[in-house]
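Asks: Generate a structure from the sequence data that follows.
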Amino acid sequence: QVQLVESGGGLVQAGGSLRLSCAASTRTFSTYAMGWFRQAPGKEREFVAAISGSGYTYYTNSTKGRFTISRDNAKNLVYLQMNSLKAEDTAVYYCAALQTSTKYNFNIYRGSQYDYWGQGTQVTVSS
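Replies: Residues are numbered from 1 along each chain as shown. Now for the predicted structure:
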């Protein structure tokens, strides 16, 4: 069982920045792809960004260029740096872990592929 704990959410004005962190409790952190998802009120959960164990990154069109995902395998941490925030970025942001060593084919963009989830952290962007 892997526990994921997010931190760094809060209230920020439009155009501002926030950095989210996610700490993972596992000795095999590098074997997990890590993703960030978000869910706004009344909307479905959506993919934000992901990073493979070796550092390859994935984004959506709405976040590429504004958000940066990174990881520190030595510290079991994954980060989401969010710049130029917009009101539509307001949501609960979730960290998720996908065990890649036991999967031959997976879609890193799909939440259903992930094995563990954090409790979420609220990000509110005021316009």
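Asks: hang on, N73 packs against S30?
Replies: Yes. Here N73 lies in contact with S30, judged by C-beta atoms under 8 Å, at a distance of 4.6 Å. (Glycine included, C-beta is placed from N, CA and C.)
Asks: shared neighbours, these two?
Replies: The contact sets of N73 and S30 overlap at G53 (C-beta atoms under 8 Å, 6 or more residues apart in numbering).
Asks: Look up how far T124 lies from T68.
Replies: For T68, the distance to T124 (C-beta to C-beta, to the nearest Å) stands at 20 Å.
Asks: A97 too?
Replies: Summarising the geometry, the distance separating A97 from T124, computed by C-beta to C-beta, is 25 Å.
Asks: Could you give the bridge partners of the most centrally placed residue in the chain?
Replies: The geometric centre of the chain, computed from its C-alpha atoms, lies nearest to W36 (C-alpha atoms, centre = their mean), at 1.8 Å. When bridges are called by DSSP bridges, W36 pairs up with A49, C95.
Asks: Quick check: neighbours of the one helix or strand Y79 maps to in the sheet, parallel or antiparallel?
Replies: With elements taken from DSSP states H and E, the one containing Y79 is strand 77-82. Taking DSSP bridges as the criterion, strand 77-82 forms sheet pairs with strand 18-25 (antiparallel), strand 67-72 (antiparallel).
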